[in-house]
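K.L.:
Quick one: sequence and predicted model below, then my questions.
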Amino acid sequence: MHADFAIDPWNMQLSLSTDGFNPYIQASSTPYSCWLIIVTPYNLPPEMCMTKPYMFLSCVVPGPFNPTVGIDVYLQPLIDDLKKLWSGVLTYDVSRKKIS
C-alpha cells in the first residue's frame, strides 16, 4: 500500500501481535485470561526482529474473555503515541551530538 515508505530505511515498520493465556493453570474452570499486545520493529534483520530484546510489551489486557470487542480502548494510548511519532518528534542523535 505504501511501497515508497518501506524504501526509506529511516521509516519504522512495526508489527502488532497479541496472544492470550490463562494465568490460573490449575483452576481451568476459572474464566479469566490475560492478553499481551506486543509491538515488534520489522526494520531489523529477520534473525533479530523476533527475539526478546526487540519485542516490546505495549499493553496487558486482563479479563474473563478474549478482548476482541473493545480492544480499541486498550490500544488508544499506543495509537496516540504512534500518531505523535508519525507527525515527527525531536530526538538526540548521539553520532552527531545534536538534536534533530
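P.N.:
Okay, I see it.
K.L.:
can you give me the strands in this structure?
P.N.:
Ranges of strands in the chain, per DSSP state E, are 14-21, 33-41, 56-63, 92-93, 98-99.
K.L.:
which one of those strands has the most crowded surroundings?
P.N.:
strand 33-41 (a mean of 16; mean count of other Cβ atoms under 10 Å). C-beta here means a position set from N, CA and C on the backbone, and glycine is covered the same way.
K.L.:
For G70, give its distance to C34.
P.N.:
Counting by Cβ to Cβ, to the nearest Å, the separation of G70 from C34 is 16 Å.
K.L.:
Restrict the longest helix seen in the chain to CA atoms and write it as PDB.
P.N.:
Determined from DSSP state H, the single longest helix within the chain is helix 71-87. The C-alpha coordinates for helix 71-87 follow below in PDB (Å, rounded to 0.1, in the frame of the first residue of the first chain):
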ATOM      1  CA  ILE A  71      -9.700  -3.800  22.200                       C
ATOM      2  CA  ASP A  72      -9.500  -0.300  20.700                       C
ATOM      3  CA  VAL A  73      -9.900   1.200  24.200                       C
ATOM      4  CA  TYR A  74      -6.800  -0.600  25.300                       C
ATOM      5  CA  LEU A  75      -4.900   0.300  22.100                       C
ATOM      6  CA  GLN A  76      -5.800   4.000  22.100                       C
ATOM      7  CA  PRO A  77      -2.700   5.200  24.200                       C
ATOM      8  CA  LEU A  78      -0.400   3.200  21.800                       C
ATOM      9  CA  ILE A  79      -2.200   4.700  18.800                       C
ATOM     10  CA  ASP A  80      -1.900   8.200  20.200                       C
ATOM     11  CA  ASP A  81       1.900   7.700  20.700                       C
ATOM     12  CA  LEU A  82       2.300   6.300  17.200                       C
ATOM     13  CA  LYS A  83       0.400   9.300  15.700                       C
ATOM     14  CA  LYS A  84       2.800  11.600  17.600                       C
ATOM     15  CA  LEU A  85       5.800   9.800  16.200                       C
ATOM     16  CA  TRP A  86       4.300   9.900  12.700                       C
ATOM     17  CA  SER A  87       4.000  13.700  12.800                       C
END
